[in-house]
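J.: the sequence and its predicted three-dimensional model are supplied below.
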Amino acid sequence: FSGVREGYGIHRRNNFNTVSQGVVLLIRVITGENWETTMRDCAIEFPFCTSDAEAQLVSGDPATIGDCGNTIVSFLLFDLFFLLGSNILLNL
């Protein structure tokens, strides 16, 4: 989810742009700190974001990617990670 459009849950300090920021974000998900908004920001899809085709058209570079996420992957990843991670954390 690196490069997803910023919103309420994904912002300057809470994102997947670097490994360290991604690890901190996943720890926040495990502890239950506002993880639903992060999940919904990662689930943003066209027309609320810039698609790959639009980004390539504007920049003229065929390797450019847009800032859209994926709804199904976002919901599955965050829900499973929260359930498994919180169970492991509570059983320590």
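T.: Nice, thanks for sending it over. Just so you know, these numbers come straight off a predicted model, no measurement behind them.
J.: how many neighbours does D41 have?
T.: The number of residues packed around D41, counting by other Cβ atoms under 10 Å, is 21. To be clear about C-beta, it is placed using only N, CA and C from the backbone, and glycine gets the same treatment.
J.: also R40?
T.: A count of nearby residues for R40, using other Cβ under 10 Å, gives 18.
J.: determine the longest helix present in this structure.
T.: Among the segments of the chain that qualify as a helix by DSSP state H, the longest is helix 71-90.
J.: and it, what's buried?
T.: Residues of helix 71-90 classed as buried under the neighbour-count rule (16 or more other Cβ atoms under 10 Å) are 74, 77-78, 82, 85.
J.: phi first, then psi, for the residue lying closest to L89 once chain neighbours are set aside.
T.: Excluding the flanking residues, the one nearest L89 by Cβ to Cβ, 6 or more residues apart in numbering is I30, at 5.6 Å. Note on I30: backbone dihedrals following degrees, to the nearest 10 are phi -60, psi -40.
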